[in-house]
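**Q** Quick one, what's the 3D model for this:
(one chain, ligands or ions: 1)
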Amino acid sequence: MNFQWYPGHMTKAKRQMQEDMKLIDLVIELVDARIPLSSRNPDIDDLGKQKARLILMNKADLADEGQNKAWASYFKEKGFFVVKLDARTKSGMKAISAVILEACKEKFERDRRRGIKNRPVRAMVVGIPNVGKSTFINTYAGKACTKTGNKPGVTKGKQWIRLNKNVELLDTPGILWPKFEDQRVGLFLALIGSIKDEILNIDDLSLELIAILQAKYPGLLALRYEVSEDYTPAELLGKIAQNRNCIKKGGELDYGKAAALVVDEFRSGRLGKITLEFPGE
Ligand code: G4P
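**A** Numbering: from 1, shown residues only. Just a heads-up that it's a prediction; the model follows:
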């Protein structure tokens, strides 16, 4: 499969982010917990190298809890602070607030030495499209938040949102692009629904998904669709079409309908909590 994705604008966005980096103490990077590496842009490590780093493994509600733990350890080992998250719910806020303070310990120490008191942490939310940046900002800053307005010395037009007395967020998230030259990354992004379906071949996508599930979650398709998994992905899709009554008018199997069903059930989590890439692969 060939994936086209977000032509242009990338250099400009990156330059903007470079500027914004000068204003902040902490980078809050959202990744998709189902593809924690493929949903990152490696540039961020360079752009944010002088900053405290927090990775939010978002959509953790859709991912495999065992793999969530494994990925959290993976990132922690690399020096990131990590929180697993469902950005649609407020329940993760307490953990995030505590981790932000921990991640910015050195900043508070530096401020103290310079006699600066109570200067809040300034943070920027970054991530690839559709990873949940707006949801995160809405849930955590929400309507109750106060826009702190322009500040002296800060580029005009920058708005800061006060999360609580310790943390302020830049109100526009930084958009990064995934490494879409890598076909595997493109496939994963398509599977989680981050690339528009109109430009994708859902049949191929479902076959790739079936192959991944057969290898990584044996028994899962068997359970959901009451099929044996001892088939090729294409044969298995046929069995699923049969069992789910995906039949065309003439009585022929409707592969397209079955393909869309499988992909949709994966994306919505009805197929189960699934992580597509494992650490160390
Ligand atoms: P972005 O700003 O990074 O582009 O992403 P955005 O917040 O728009 O989120 C993209 C989609 O992901 C939204 O769904 C949002 O509800 C969903 N989402 C965000 N965080 C989570 C999460 O932790 N778990 C789950 N399960 N979903 C999450 P949508 O279908 O595009 O919009 P809507 O139907 O929610 O309005």
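
**Q** With only the CA atoms kept, save the helix or strand that contains Asp204 in CSV.
**A** If you go by DSSP states H and E, Asp204 is part of helix 202-216. Listed next in CSV are the C-alpha coordinates belonging to helix 202-216 (Å, rounded to 0.1, in the frame of the first residue of the first chain):
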residue,chain,number,x,y,z
ILE,A,202,-10.0,-0.9,3.3
ASP,A,203,-9.8,-4.4,1.9
ASP,A,204,-6.0,-4.4,2.1
LEU,A,205,-6.0,-2.7,5.4
SER,A,206,-8.3,-5.4,6.9
LEU,A,207,-6.0,-8.1,5.6
GLU,A,208,-3.0,-6.5,7.2
LEU,A,209,-4.9,-6.1,10.4
ILE,A,210,-6.0,-9.8,10.4
ALA,A,211,-2.4,-10.9,9.8
ILE,A,212,-1.2,-8.8,12.8
LEU,A,213,-4.0,-10.1,15.0
GLN,A,214,-3.3,-13.7,14.1
ALA,A,215,0.3,-13.2,15.1
LYS,A,216,0.0,-11.0,18.1
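
**Q** mind listing what the most centrally placed residue in the chain touches?
**A** Nearest residue to the geometric centre of the chain (C-alpha atoms, centre = their mean): Asp32, 2.3 Å. Residues in contact with Asp32, defined by C-beta atoms under 8 Å, 6 or more residues apart in numbering, are Ser39, Asn58, Lys59, Val131, Gly132, Ile192, Ser194. Bear in mind the C-beta positions are built from the backbone N, C-alpha and C, glycine included.

**Q** quick one: it and the ligand, what's the gap?
**A** In this structure, Asp32 and the ligand are separated by 9 Å, where distance is defined by C-beta to the nearest ligand atom, to the nearest Å.

**Q** same question, Asp61
**A** Asp61 sits 5 Å away from the ligand when distances are taken as C-beta to the nearest ligand atom.

**Q** Check the secondary structure at that residue for me.
**A** The local conformation at Asp61, judged by DSSP: H, G, I helix; E, B strand; the rest coil, is helix.

**Q** so who does it touch?
**A** With contact set as C-beta under 8 Å, 6+ apart, Asp61 has these partners: Asp86, Gly269, Lys273.

**Q** ok, and which of those residues reach the ligand?
**A** When the contacts of Asp61 are filtered against the ligand using C-beta under 6 Å from any ligand atom, the residues retained are Asp86.

**Q** Just name the closest of the contacts of Asp61 to the ligand, please.
**A** Proximity to the ligand was ranked across those by C-beta to the nearest ligand atom; first place goes to Asp86, at 3.9 Å.

**Q** my read: the closest one touches Asn58, true?
**A** Yes. Because the distance of 7.5 Å satisfies C-beta atoms under 8 Å, Asp86 is recorded as touching Asn58.

**Q** Between those two, which is the more surrounded one?
**A** With other C-beta atoms under 10 Å as the criterion, Asp86 and Asn58 differ in neighbour count, and Asn58 comes out ahead with 29 against 17.

**Q** what is that one paired to in the beta sheet?
**A** On DSSP bridges, the residues paired with Asn58 through beta bridges are Asp32.

**Q** I'd like to know which elements the helix holding Asp204 is packed against.
**A** Other helices and strands packing on helix 202-216, by 3 or more C-beta pairs under 8 Å, 6 or more residues apart in numbering; DSSP states H and E, are helix 183-191, helix 220-225, helix 233-243, helix 255-267.
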